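Q: Could you work out the structure for the sequence below:
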Amino acid sequence: MRTHPPCFHSTAAYTAWRSAAKFIPPGPSGYCADCSPAYQAQEIARGECEFPGTQFDHDEDGFVTGRRCAKATP
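A: Residues are numbered from 1 along each chain as shown. Okay, the predicted model is just below:
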């Protein structure tokens with residue numbers, strides 16, 4: 001049984017993300033908030049993106065934030 005989302009390629013990577021997220025909470029979009037359009041496209045192509053409907057917002061400083069929309073259907 002997998003212990004991490006498929007877009008994280010190891011449990012260690014997901015654990016590290018969760019540790020960092022304690023200091024800067026990602027909000028309701030969870031780990032998708034820290035994704036990027038390029039990484040999302042890569043993971044969709046690999047079949048590893050659970051939330052391919054995630055959209056990305058760019059702020060005035062150029063930062064990108066993913067906003068989770070819908071979970072993929074199996």
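Q: What are the boundaries of the strands in this structure?
A: 55-58, 64-67 (DSSP state E).
Q: Minimum distance to Thr15: which of these has it?
A: Of all the strands of the chain, it is strand 64-67 that lies closest to Thr15, at 19.9 Å by CB to CB. To be clear about C-beta, it is placed using only N, CA and C from the backbone, and glycine gets the same treatment.
Q: mind listing the helices for this protein?
A: In the chain, the helices defined using DSSP state H lie at 11-21, 37-46.
Q: Which one, of these, ends up nearest to Met1?
A: Per CB to CB, nearest to Met1 of those: helix 11-21, 11.0 Å.
Q: Would you check how far apart the spatially most central residue of the chain and Val64 are?
A: The chain has Cys32 as the residue nearest its centroid, 2.6 Å off, counting by CA atoms, centre = their mean. When distance is defined by CB to CB, to the nearest Å, Cys32 is 11 Å away from Val64.
Q: Neighbours of Gly27, how many?
A: 12 (other CB atoms under 10 Å).
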